[in-house]
Each structure stands twice: as C-alpha cells, then as structure tokens.
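Peer 1: next come a sequence and a model predicted from it.
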Amino acid sequence: MLKAEQLTKRFGDHLALDHLDLTIESGEVYCLLGSNGAGKSTTINIFLGFIPASSGRALIDDLEVSVNNHATRNLVAYIPEVVNLYPTLTGLENLAFFSGLAGFRYSRAEMAAFTDTAGLQPEALDKRVSSYSKGMRQKVGIAIALAKQARALFLDEPTSGLDPHASNEFAQIITRLSGQGVSTLMATHDLLMAKNLGHRIGIMHQGRLQQELRSDAVSYAELTDRYLSTVNQPV
Amino acid sequence: MSTSILRVLFSHELKSLYRNRVLVTLCSIILVVLLASLWIGGSLLRKQQRTIGQIGEHHRVLADSLNQRLTRIAAHGGTYPGFIWDDPTFAYNTARNEGPQYAVKQPFALQVLATGQGDVQPFYYKVYINKKQHLVHESEIDNSLLQFVGTFDFSFVVVYLLPLLIIVFTYNILSAEKEQGTWVLLKTSNQSIARLMLYRVAIRYALFLAFFWLVVGPVLTLLVGPGFLGTGNWWWLVGFVSLYFAFWFGLAFVVNSFSFSSNINAMTLIFTWLLLGLLVPNLLHIGLSRAYPIPSRISMSTAERNAINAYFEKDGQELTKDVFSSPRTQIRQASIVTPGMVYGYGVIVYKSQEIKDAAAQVAERKLYDQIERQQQAIRRWQLISPALLMQEVLAALAGTHWHQFNQFSLDVDEFRREQQRFFYPKMASEATYHNFDLQDAAAIPRFRPRTYAVYEWLRVGQSLLLYAGVVGGLLLLGYRNLLLAAR
C-alpha cells in the first residue's frame, strides 16, 4: 500500500507539490494526470527516495521512505519513460544484474519466465540491449520489476512513444501485476490509458491534487472535459 | 554487502569491460607496449651480459699474455729482448699495459624493468693506477642516428602510460551511469550507491592488476629466469606498482564522486596526470637544481690541475731533484731510454697521482654531497608527485639508481687504490728495476663484481605506508562525497 500524507516539496520559491494526500491500496492502479510541472514526477521521485520531501510523509507498506530508504527500495520498481539499460549487455544479463542487486539469484529458466510474462520474445533474450526497441526495453524493465518481486510499481509516462500494440501489451501486463497485489502509481498524459488501466485517476495542477475520480464512474469524454477544465485553470 | 553482490558486480564489470571495444583496443595496445618495453629491457640486459662476457675474455687473454711473456723472460735469464717501455718485469710497465682491468657492475635481473641511470652511468670502467676510465665506443651507442631521448622501458610504461589507461578505465565509472540513464535503475536498488561505486572501482582495480601481473610475471620469468621471485626487491616492486595503480584508481573514484560529466572527469584526470607526472617533477627539478646547484666537473678538473701545479712549483722541487739527480735515473745524461728513466717516470706518476687524488677527493666530495642534498630534498617533496616517487623506487629496486651506480663507482675507486697499493711499492722500489715476476702477476688484484641492488637508504616501508595512507584518504573522500550526495 502507498500513502502520501500532506506531502509537500519546494524547490526554492517554487512549490512543486502542495500537501498531497493519497492512498493507493494493494493491487490498485492509480493514474496521475496533469500537464508538465503539475507535480506528478515529483510525487514519484519522493516515493522512490530520489528526492526528499520538504514536509509530509511518503509511506510504502507503512514504512516511511525518508526514514527507511533502503528497506523501501526493496519493495519498489520503477519504469521511467525510457528504460535505460546497459547497452552492451543482453536483456537477460541486464535482468540478472538488476535482480542480483536486489539480492535475487535466478536460473536462466526463471529469468526467461519473467521476460515471458513481460511479453519479451524469447529470441530477444540473448541479444544486446543496444538492438532493442523502446517497447522491448520497457518489457525488460517490467521483467526486472517482476524479478525484484516489487510490491509497488512506479511508472512515469511509460507508454509515451510506444506504438498502440506495444502500449496495449504494456497495459495488459500492468493489469496482470495488479491482479497479483502490486500497487501501481502511474504518471501519464495518456487519458485513454488512464481511463482503461487505472482504478482511480487523480488530476494534478500546480502541485495540488485537484480532482480524484474512479475510472469506472467516468466516461472518456467526461474525463477529457474534467482534465481540460482543471489544467486550464488560471494561476 | 554480501559476497553475492560482489559476484553480481564482478560478472557485470567483466562483461561490460570486455564488450567495450575502445577499452579492448586500448588494452591490446598497452599489452603490446608493455611487452615491447620488457623486450627492450631484456635486450639491454643481454647486451650488458655480452659486454661482460667480452671483458672476461679480454682479462683472460691479457693474463695469459703476461704470464707467457714473464715465463719467456725468466727462461732467458731475466732479459727482455723488446722495447724497454714494454718490459713486463718493470712494475710501472705492467701497471700500464697488462695491469689495468675492467671493473664491472654485475647485472641484476630486475634492471630489465627500469633503466634508471643505466643509460647515462657506466656499468664498467677500465681501471688504471692513475684513473678510472669509461670509454663509450661508437658500437655501444644505441641511438646514434635516432637521437632518441631516454630509454623506453617498463618503468616509463608503468609511471606514465598506464595511468592513462586507468583514466580510460575509470573516468566515467559513475558519470556514464547517469549519462546512459542506468543510474535511475541503480538508485532503485536497495544497495548503497557509495558502496556500489567503491566496489566497482575495487573490482576494476583487481581486474587491471590481474591483467598486468599476469602479463609481467611470466614474461619477466621468460626473460631472466625465476630467480627474481626470491628477492625482496621484486615483492617491494609489486607492492609499489600495485599501490601506484591504486592511487590512480582512487583519484578517479574521487573525481567521479563529485558527479561531474564524463567529459569534465576525463579532463580533470588528464590534467592531474600532466600535473603530477610531468609538471610537478620538472618544476621540482628546476627548483632544487637552483637551491642545490651541482658544481661542474670542469671546476673539479681545474682544482686537480691547480693542486698538481702548486705541488710541482713548491714541494715537487725536492722530488724532481731526487729523481733527476739520482745516479740510478741519470735522465739528463741519457741519450736513450734507460731503466732508471722508467723508474723515475713511474715515481713521478705515482707522486703526482697522490696529489691529484687528494685534490679530486675534495672536489668530488663537494659534488657528491650536493647531489646527495638534492636527492634528499627531492625525497622530501616526493609526496606531491607519485610519479616522482615511483621513478626513484623502481630504479632503486631494479638496481639502476644513482645511489647504486655511485656505490659501484666508489668501489671502483677503492679497487684503484688497491691496485695502487699493489703496484706503487714495486714501482718505487729502487732495489732492482726488474722486480715484477710470475708470482706478482698471479697476485694482481682483481675486482670482485657484484650486483648493486640494495635500497636500505630509500626507506621503502615508510614510503609504501605513506602512499597507502594517501590512497586510503582518496577512497574515504570519494566514499564520503557519494554518501553526502545520496542524502
């Protein structure tokens, strides 16, 4: 479970995140919408421990991130817009390395199972990552998350630049992980993806969570209207 | 951090490095350069051994010739039929002709690794009773056409070239993670980034050392045999070279810890290499040469000449009167060379040499005291340039340091005095001119060649500990920076 309590972040005079309160249950997919600079990535970065909060708390499975940084990293996986891997290593070697750092040692068959779940073709496993497409890298990123047995998944614009087929595959995998109890926080500009994939949707603007919706209670058109009316609010 | 993380990192580093084409190409070049430097060192050693072999042969031929001539003279009732200046029964003639011998500095196996002062200091002298002489024959000049400055040797590769490879090996150990984006995934692992980076530097260092010693050890064994493995010199050398490499790895770790870009890291490290390897040693050299100017050898020769002139102008009158008025010498009356003249000439040579030696001793003492002061000053300043320390240590451990050549030169001087002690009484004996026989020939003092590879004056243990401290400090500084950056 992920929880933000009055989470605030200032960069000098700029208030990037303004007293965010948020709870994401196990198995829930929460999509954060908002224009650039709304505070989506800042929220994710605080949960990942990349940057400290100015005030408030971020908790993962009841562990406060700023206090238990190492412990909470054991619980999380992160898939950014572009999953950057070691280009001279193969997909399998990258997976072995990152899962190894998390303390897991898998056989080749076990790792192949993770990549299979992530949707990576078996023939790509032993090819160098430098020859991978963006979608294939995303899949290795997901396989790493699977191998780490992450309890929380953070996604930052994960489908940006993916073709519709790859994007759809990606959504299916997230749904599958959700079914396994993984909490997911996804920052995205893709309203359709948010509507189809998320259980709940939050719309952020200028560091504040302005609206929160259940995806099954709102149509795509209504979501679009609400989004536009929120992000077009005057400062 | 468990051993399994170390294993994960080790496997990762190994794969990443051998798939890096630039690095593999560079390693191959360095391998060739390393092998070439060892081969050059080996060929210089073999050349020296050949020269020593020729000297041994020369000594045998001269000894045989002297013995044969003395035997023939004895068989003819002590009469030498040839030219009087060639008569070996006169001690002065033998001291001049068959008496002079070569004194040789025995080669030490590890000199393959460092030419040190070996290309400017002689490893043998021809020793006369009145001088030690080092003649460089045209055939002995290695680079008469190329005018090549210095010798390309293993120590040059270690001190100057390999730090560049280490820089290529390490300059982006952290920055590349940021630039290629893998940093993000590393940060989401539950490992401390500071420790991860420290371990990666340590693993690269271990791989580099393994590569290096696995090349050097067997090649050196092939070149000079395994005897060097039993010397303390070798193990100190291994310690110093390994620590020197550790210094550059440590420095790269510190530079990386400031989280600059790869370009800035590379520039910083290259500048540091230039500073520590070239600029500081040269500036120190200039500064210390000014602070402790070395007296010229010309002034030394002038002092010797002045001393001889002064003697002959004053005290030498007695000697001259004695020699020239002696009924035995009768030089003034002689229209041809007489035995007395040979005797008289020998006495004059003997006497003037004593004066010259005394004068030279004073001037030489000044020269060597100044060199020693300069060297001590350099040793005090060595901490600011590990390249400087390494040059000295490698030369000392290889037996090619100025100290060792100087010790050899001092031993040769002592050997010359031993020859003087042997020949002078025979030359100055007026009992009979013909006083040199087969027994004397067998008793002509021989130089006892030995290797000059002791290094107790260098305080190697202290230097090693000092630099281990510096390396430890660098690692701590880098680690602390990374810990602070992670907060």
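Peer 2: Here it is on my side, so go on.

Peer 1: contacts for the helix or strand harbouring B:Phe169?
Peer 2: For B:Phe169, the host element (DSSP states H and E) is helix B:162-170. Helix B:162-170 is touched from outside by B:17, B:22-23, B:26-27, B:30, B:201, B:204, B:208, B:212, B:245, B:248-249, B:252-253, B:256, B:266, B:269-270, B:273, B:277, with contacts defined as C-beta atoms under 8 Å, 6 or more residues apart in numbering or on different chains. Bear in mind the C-beta positions are built from the backbone N, C-alpha and C, glycine included.

Peer 1: so of those, which ones are in helices?
Peer 2: Filtering the contacts of helix B:162-170 for membership in helices, criterion DSSP state H, returns B:17, B:22-23, B:26-27, B:30, B:201, B:204, B:208, B:212, B:245, B:248-249, B:252-253, B:256, B:266, B:269-270, B:273.

Peer 1: derive a PyMOL selection command for the buried subset of the residues you listed.
Peer 2: The buried residues among the ones in helices among the contacts of helix B:162-170 can be selected in PyMOL (16 or more other C-beta atoms under 10 Å in any protein chain shown) with this line:
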select buried, chain B and resi 17+27+30+201+204+208+212+245+248+249+252+253+256+266+269+273
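
Peer 1: ok, and of the ones in helices among the contacts of helix B:162-170, which contact chain A?
Peer 2: Among these, none lies close to chain A by the criterion of C-beta under 8 Å from any C-beta of the partner chain.

Peer 1: not counting sequence-adjacent ones, nearest residue to A:Phe170?
Peer 2: Once its chain neighbours are removed from consideration, A:Phe170 has its nearest residue in A:Thr159; the separation is 5.7 Å (C-beta to C-beta, 6 or more residues apart in numbering or on different chains).

Peer 1: near the one you found, how many other residues are there?
Peer 2: Burial of A:Thr159, expressed as a neighbour count using other C-beta atoms under 10 Å in any protein chain shown, amounts to 26.

Peer 1: how is it assigned, secondary-structure-wise?
Peer 2: On the three-state scheme (DSSP: H, G, I helix; E, B strand; the rest coil), A:Thr159 is labelled coil.

Peer 1: how close does it get to chain B?
Peer 2: 18 Å (C-beta to the nearest C-beta, to the nearest Å).

Peer 1: so how far is the lengthiest helix in chain A from its chain's centroid?
Peer 2: As far as residue count goes, and with DSSP H defining each element, the longest helix of chain A is helix A:164-179. A distance of 12 Å separates the centroid of the chain from that of helix A:164-179, by C-alpha atoms, centre = their mean, to the nearest Å.

Peer 1: which elements pack onto it?
Peer 2: With contacts defined as 3 or more C-beta pairs under 8 Å, 6 or more residues apart in numbering or on different chains; DSSP states H and E, helix A:164-179 has these neighbours: strand A:29-33, helix A:108-118, helix A:134-147, strand A:152-156, strand A:183-187, helix A:191-197.

Peer 1: 10 Å - rerun?
Peer 2: In this structure, helix A:164-179 packs against strand A:29-33, strand A:76-79, helix A:108-118, helix A:134-147, strand A:152-156, strand A:183-187, helix A:191-197, with contacts taken as 3 or more C-beta pairs under 10 Å, 6 or more residues apart in numbering or on different chains; DSSP states H and E.

Peer 1: any idea of the pLDDT on the residue most central in space within chain B?
Peer 2: Of all residues in chain B, the one closest to the mean position by C-alpha atoms, centre = their mean is B:Thr400, 1.8 Å from it. On pLDDT, B:Thr400 comes in at 92.

Peer 1: residues contacting it?
Peer 2: Listed by C-beta atoms under 10 Å, 6 or more residues apart in numbering or on different chains, the contact partners of B:Thr400 are B:105, B:107-108, B:110-111, B:113-119, B:121, B:123, B:153, B:155, B:394, B:452-453.

Peer 1: mind doing that once more with 8 Å?
Peer 2: Here B:Thr400 is in contact with B:Gln111, B:Ala114, B:Thr115, B:Gly116, B:Gln117, B:Gly118 (C-beta under 8 Å, 6+ apart).

Peer 1: how far away is the first one from chain A?
Peer 2: Separation of B:Gln111 from chain A (C-beta to the nearest C-beta) stands at 42 Å.

Peer 1: list the contacts of the closest residue to that residue other than its chain neighbours.
Peer 2: Nearest-residue entry for B:Gln111: B:Ala398, 4.8 Å, with adjacent residues in sequence omitted and distances by C-beta to C-beta, 6+ apart. Listed by C-beta under 8 Å, 6+ apart, the contact set of B:Ala398 reads B:Phe108, B:Leu110, B:Gln111, B:Val112, B:Leu113, B:Ala114, B:Gly116, B:Ser155, B:Asn233, B:Leu237, B:Ala453.

Peer 1: please report how far the fourth one lies from chain A.
Peer 2: B:Val112 is 37 Å from chain A, where distance means C-beta to the nearest C-beta.

Peer 1: isn't that residue right up against B:Ser37?
Peer 2: No - between B:Val112 and B:Ser37 there is no contact, the gap being 9.2 Å when judged by C-beta atoms under 8 Å.

Peer 1: who's more crowded, those two?
Peer 2: Neighbour comparison, B:Val112 and B:Ser37: the larger count goes to B:Val112, with 26 against 23 (by other C-beta under 10 Å).

Peer 1: what's the closest non-adjacent residue to the more buried one?
Peer 2: The spatially closest residue to B:Val112, leaving aside those adjacent along the chain, is B:Gly41, at 3.6 Å (C-beta to C-beta, 6+ apart).
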